[in-house]
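> sequence first, predicted model second:
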Amino acid sequence: MLTPLTLLGECLFSALFSLAVIRLLDQPLLALLERQCPDMQSAGFWRSYTQLMLALAPLLCVLLFDAMVSTDDPLARLRYGLIASLGGLLFGLWIVGKRLGRFAEIAAQLRSLQ
């Protein structure tokens, strides 16, 4: 009976964590993308894409983890959901950092050539 409520709670925590990270990174990400992208439309696209990935990756991890957990204890399921959500955020941030790091390296190389 509590399983749907527990899953809803896990998804809610995942969304709240994602929103906190997205809010924290919003302005620095936009400033970086405005410097790296050729125009405002492409910077806006990559900003939206990054925010979407940082929202979906933790939620996907929560849903996958919840399907694999075999306990009926709601607190244990919630704890596993929180771990999955934070793990998904870490994974998403790692991917974004890896991708943006490449652009920063290319920009630094171009500046050194000028």
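Looks like it came in fine.
> show me how far the one helix or strand Gly92 maps to is from its chain's centre.
Secondary structure assigned from DSSP states H and E places Gly92 in helix 74-113. Helix 74-113 has its C-alpha centroid displaced from the chain centroid by 7 Å (Cα atoms, centre = their mean, to the nearest Å).
> avg pLDDT for it?
Mean pLDDT, computed over helix 74-113, is 85.
> grab the most central residue of this protein for me.
Leu54 (2.0 Å; Cα atoms, centre = their mean).
> what's the burial count for the nearest residue to it once chain neighbours are set aside?
Nearest residue to Leu54, sequence neighbours excluded (Cβ to Cβ, 6 or more residues apart in numbering): Gly92, at 4.8 Å. For the C-beta atoms, the positions are set from N, CA and C on the backbone; glycine is no exception. Per other Cβ atoms under 10 Å, the neighbour tally for Gly92 reads 21.
> now Gly92: how far from Pro38?
25 Å (Cβ to Cβ, to the nearest Å).
> Leu7 too?
43 Å.
> so for the two, which sits in the more crowded spot?
Each of Leu7 and Pro38 has its neighbours counted (other Cβ under 10 Å); Leu7 has more, 18 against 7.
> now do the contacts for the closest residue in space to the more buried one that isn't next to it in sequence.
Leaving aside its sequence neighbours, Leu7 sits nearest to Asp66 (Cβ to Cβ, 6+ apart; 5.7 Å). Asp66 makes contact with Leu7, Glu10, Arg77, Tyr80, Gly81, Ala84, according to Cβ atoms under 8 Å, 6 or more residues apart in numbering.
> since that was my last question, I'll sign off now.
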